[in-house]
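need coordinates for the following:
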Amino acid sequence: MTDDADARIRASWRPDDIVAYEELRDLAVVLETMLVARARADAAAAPGTRAEASAVRGETLAIDGFDRKAVDSHTRRLASRIAQLRQEQRDG
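Numbers count the residues shown, from 1 in each chain. Below you'll find the model as predicted:
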C-alpha cells in the first residue's frame, strides 16, 4: 500500500467510528450468545435459532467498518433483536 493510501485510510476513520464498530461487534456477540442459549434450551427451535446465530455472525463480518451508515444500521438491528429476545425472556 502506498503512503497516500495509508493516509486516506487513517483519515477515513474517526475515533467515534472505531467506538461504533466495536459496539457493533459487542452487540453481535451478545446476540449470538443469547441465540445459542436459546437453542440449547429449546430443542424444537434449535435449528432455526442456530441458523439465525450463524447469519448474525456472517452479516456482522460482512459489514464494512468504513461505512458508518451500514455500521449504525446493523447496530440498530442487533440492538432491536436483543431487546426482543429479552422481552420474550421476561414474558416467559
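
please make it C-alpha for all contacts and neighbour counts, starting now.
Noted.

so where is the protein shaky, pLDDT-wise?
1-13 (pLDDT under 70).

how about 50 then?
The chain contains residues with pLDDT under 50 at 1.

ok, residue 40 touching residue 49?
No: when contacts are counted by C-alpha atoms under 8 Å, residue 40 is not listed as touching residue 49 (9.4 Å).

those two: who's more crowded?
Between residue 40 and residue 49, residue 49 has the larger neighbour count (other C-alpha atoms under 10 Å), namely 21 against 14.

spatially central residue for this protein, please.
Nearest residue to the geometric centre of the chain (C-alpha atoms, centre = their mean): residue 28, 3.2 Å.

now for that one: which residues touch it?
Listed by C-alpha atoms under 8 Å, 6 or more residues apart in numbering, the contact set of residue 28 reads 56, 57, 60, 78.

what strand or helix carries it?
According to DSSP states H and E, residue 28 maps onto helix 15-41.
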